[in-house]
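> Pasting the sequence and the predicted coordinates here, then a few questions.
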Amino acid sequence: MPRRTRLNLADVPQHIIQRGNNRQATFFAEEDYRFYLDCLLEAARKYDCQIYAYVLMTNHVHLLASAPQRYALSRMMQHLGRRFVRHINRVYQRSGTLWEGRFKASLVDTEIYFLRCLRYIECNPVRARMVADPADYRWSSYRAHALGLPDKLVVAHEQYERLGETDGERQSAYRALFRSELALTELNEIRDTVNCGWPLGGERFRDEIERALARTARPPKRGRPARSVMAQGEPFGS
């Protein structure tokens, strides 16, 4: 079965995840993390992409990004992937693929889901029990958002700017978002949408995408068609 074409719109943020082949490691030393971030910055500038959040885990990467051109993020990821794989293969005298096929991506509704997706991305090291506090992890955008540390990669999104009138207010409000964990239903929704390529957002967001792209933005309904109310003798649903 041919793979489904990604839902892709200009200026709409995308949650991107790319995993190592067979879930194997993609970063082996500090220099690898630094080189990846340098390559990401170069690729983002080359294709005019905005990086709002990132985390580099041992065997996968999460990004939250957008671009004014519809396919610019794909070009950015291709450019980044080629440079980074060449680096890893040369340094560690290996050959072959590093990543598990093409990256996965999900369009993100900025009104409700944007900050939730930021929290999901930057809390990855905590959920993986690598650190107790996201500020303790070096390879993410959390310290730029929460502590104001300089990060040439990170672009402040409008939803982040709305957290306060000053840098200090925004950083304090952002830290407060991390005092509680995302609900399991929220975690599962973010995981499911990015893994399956469906939008992360409400019905109106999906309607807007369908109008813009003239294609469905909802997963197909599963199961056998329900019998009629008359035949079933009870209301639809559960």
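Received the coordinates, thanks. Residues are numbered from 1 along each chain as shown.
> so what's Arg143 closest to, chain neighbours aside?
Leu149 (4.4 Å; Cβ to Cβ, 6 or more residues apart in numbering). Heads up, the C-betas are built off the backbone N, CA and C, glycines and all.
> For that neighbour, give its distance to Leu63.
Separation of Leu149 from Leu63 (Cβ to Cβ, to the nearest Å): 19 Å.
> Do you know the pLDDT at the closest residue to Ile112 other than its chain neighbours?
Nearest in space to Ile112, with sequence neighbours left out and distances taken as Cβ to Cβ, 6+ apart, is Gly202 at 6.7 Å. Per-residue pLDDT puts Gly202 at 92.
> Flag the shaky bits of this structure, pLDDT-wise.
Counting by pLDDT under 70, the ranges of the chain that qualify are 1-3, 222-238.
> just the strands in it please.
14-19, 50-56, 60-66, 104-107 (DSSP state E).
> now the second one, how far from the centre of its chain.
Translated: strand 50-56. Relative to the chain's own centre, strand 50-56 is displaced by 8 Å; criterion: Cα atoms, centre = their mean, to the nearest Å.
> For that strand, name the packing helices and strands.
helix 30-46, strand 60-66, helix 114-122 (3 or more Cβ pairs under 8 Å, 6 or more residues apart in numbering; DSSP states H and E).
> Of all the ones you listed, which one comes closest to Arg75?
helix 30-46 (8.1 Å; Cβ to Cβ).
> What separation do you get for Arg102 and Ile16?
11 Å.
> So for these two, which sits in the more crowded spot?
The neighbour comparison of Arg102 against Ile16 (other Cβ atoms under 10 Å) goes to Ile16, with 22 against 13.
> measure the more buried one to Arg94 for me?
The value you get for Ile16 to Arg94, if Cβ to Cβ is used, is 24 Å.
> Isn't Ile51 up against Ala156?
No - when contacts are counted by Cβ atoms under 8 Å, Ile51 is not listed as touching Ala156 (10.8 Å).
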